[in-house]
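Engineer: 3D, please:
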Amino acid sequence: MASWKKIISEDTSGVASISSKLGVGTASPVFGLDVRSTGYFATASTSDQLRLGDTTNGKVSSIRSVNDTMSFKPDGSNTKFFIGNTGRIGLNTSSPNSSIHVNAADQYSLIRFTNTGASTGGQFGFTNDDAYVWNNEANGKVILGTNSTARMTITHDAKIGIGTDSPEEKLSIDNGSIQLENQKNLTWSDIGDGNTGRVRIYGNEDSDYIRLNVDNSNSKSIALTTTGVGMGTVLPSYNVDIQGSSSSGTIVQIRDTGDDYPVGIAFNHGVSGHHYGWYAGTMDGTSGERKFTIGTKVVDGFHNDLTTSLIV
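Structural biologist: All right, here's what the predicted structure looks like:
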């Protein structure tokens, strides 16, 4: 009892103090209070069980346990880290509604990751109402996968690969097809000019057609249907149906890069075996011949021994 009196003193108000180190479970305490056994601190649920102070800056932090939950308060008042009784963790919230719930004090609710090989790392989360998945490394990728396999890759230079981690174009797809809902478009435009449907390709499986439009006009289109191919019409009535809408007329032009080589159209009747052709130019490559000919002996192209009707 005499040894206790050497380290414990009591003032006139009844407050006791310890003037030396106190060890619990040890005869050689290292700290002011050195506990080498399980400690137990209990208060009502409205009080913190443990308070930690910083005498240099006059700050206090605290920990509170209530009904199988734990709250950590760096400033001694506001919960910044919370562990719920179901294992959910809340950062800046004591009511987490997910396994990990981050509630930022400002508009930046982001989680950042770095490692020894990625000093700037990356982050994901929300900024205002926008969701971010961000790789801050200069040459890094963003990779999404399933079944332990990469499925989609976004490279540092804004190329997207589906089924490949090395896309060569803005969108590269390996071993797969693209499916669009009926009457949805592939469009071309200057980004931001508002003309997203003006030049487009679209199709309809129910009606069996595919169409290519320019100037947002059916009269400036090519359509492929079960009937045929339409130019200037989306409803061809024949195998090839060309409809014009200009007062200048409707013209089909066939050209060859050679000055004196024939250009034309060949017809082959598959049942009778009869062959016909319309052509313009020379049939033997000689210079100077200028004529339009209807021929009746065309086999795999034009020949200069045609039986012809000549229109000069």
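Engineer: Give me the distance between S19 and G53.
Structural biologist: Separation of S19 from G53 (C-beta to C-beta, to the nearest Å) stands at 19 Å. All C-beta atoms are positioned from the backbone trio N, CA, C, and that covers glycine.
Engineer: more crowded one of the two?
Structural biologist: Between S19 and G53, G53 has the larger neighbour count (other C-beta atoms under 10 Å), namely 12 against 8.
Engineer: Can you name the residues bridging to the more buried one?
Structural biologist: Beta bridges link G53 to V60, judged by DSSP bridges.
Engineer: mind listing the strands in the stretch 151-300 of the chain by residue range?
Structural biologist: Ranges of strands in the stretch 151-300 of the chain, per DSSP state E, counting those that start in this stretch, are 160-162, 171-173, 185-188, 199-204, 209-214, 217-225, 229-231, 240-242, 263-268, 275-280, 292-295.
Engineer: Can you list the neighbours in contact with the second one?
Structural biologist: Outside strand 171-173, the residues within contact range by C-beta atoms under 8 Å, 6 or more residues apart in numbering are K159, I160, G161, I162, G163, T164, S166.
Engineer: one step back: in terms of mean pLDDT, which of the strands of the stretch 151-300 of the chain ranks lowest?
Structural biologist: Among these, strand 292-295 carries the lowest mean pLDDT, at a mean of 62.
Engineer: Now A138: closest residue in space that isn't a chain neighbour?
Structural biologist: H156 (6.6 Å; C-beta to C-beta, 6 or more residues apart in numbering).
Engineer: how about low-confidence regions in the chain?
Structural biologist: Along the chain, the model assigns pLDDT under 70 to residues 1-12, 14, 16, 258-262, 268-276, 279-312.
Engineer: Mind splitting it into its structural domains?
Structural biologist: 2-35, 142-173, 185-242, 263-311 (automatic domain parsing).
Engineer: follow-up on the earlier one: of the contacts of strand 171-173 - the most surrounded one?
Structural biologist: Counting by other C-beta under 10 Å, top hit in the contacts of strand 171-173: G161 with 22 neighbours.
Engineer: so who does that one touch?
Structural biologist: M152, T153, I154, T155, P167, S172, I173, D174.
Engineer: Buried subset of the residues you listed as a PyMOL selection?
Structural biologist: Burial among those is assessed by 16 or more other C-beta atoms under 10 Å; the matching PyMOL selection reads:
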select buried, resi 152+153+154+155+167+172
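Engineer: for the contacts of G161, which one is nearest S13?
Structural biologist: Among the contacts of G161, I154 lies closest to S13 (C-beta to C-beta), at 68.6 Å.
Engineer: Verify the stated contact: that closest one with K141.
Structural biologist: Yes. Counting by C-beta atoms under 8 Å, I154 touches K141, with 6.3 Å between them.
Engineer: quick one on the thing from earlier: turn the contacts of G161 into a markdown table, including distance to T233.
Structural biologist: Below are the contacts of G161 laid out as a markdown table (distance: C-beta to C-beta, whole Å):
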| residue | distance to T233 |
| --- | --- |
| M152 | 40 |
| T153 | 43 |
| I154 | 42 |
| T155 | 43 |
| P167 | 39 |
| S172 | 36 |
| I173 | 33 |
| D174 | 38 |
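Engineer: so what's the residue nearest to A138 up against?
Structural biologist: So H156 contacts N135, E137, A138, N139, G140, K141 (C-beta under 8 Å, 6+ apart).
Engineer: Any of those buried? List them.
Structural biologist: Looks like the contacts of H156 have N135, G140, K141 buried, using 16+ other C-beta under 10 Å.
Engineer: which stretches of this protein form helices?
Structural biologist: Secondary structure of the chain (DSSP state H): helices located at 2-7.
Engineer: What lies in contact with stretch 135-149?
Structural biologist: 118, 120-123, 133, 150-156, 165.
Engineer: and which of these is nearest T46?
Structural biologist: Using C-beta to C-beta, the contacts of stretch 135-149 come closest to T46 at Q123, 37.3 Å.
Engineer: What distance do you get for the residue lying closest to the closest one once chain neighbours are set aside to L91?
Structural biologist: Distances taken as C-beta to C-beta, 6+ apart put R112 closest to Q123, at 4.1 Å, once the chain neighbours are dropped. For R112, the distance to L91 equals 13 Å [C-beta to C-beta].
Engineer: possible to save the contacts of strand 171-173 as JSON lines with distance to Q49?
Structural biologist: What follows is these, written out as JSON lines (distance: C-beta to C-beta, whole Å):
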{"residue": "K159", "distance to Q49": "55"}
{"residue": "I160", "distance to Q49": "52"}
{"residue": "G161", "distance to Q49": "54"}
{"residue": "I162", "distance to Q49": "54"}
{"residue": "G163", "distance to Q49": "55"}
{"residue": "T164", "distance to Q49": "56"}
{"residue": "S166", "distance to Q49": "56"}
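Engineer: farthest pair in those?
Structural biologist: The distance between the two most remote of the contacts of strand 171-173 (C-beta to C-beta) is 13.5 Å, for K159 and G163.
Engineer: Okay then, goodbye and thanks.
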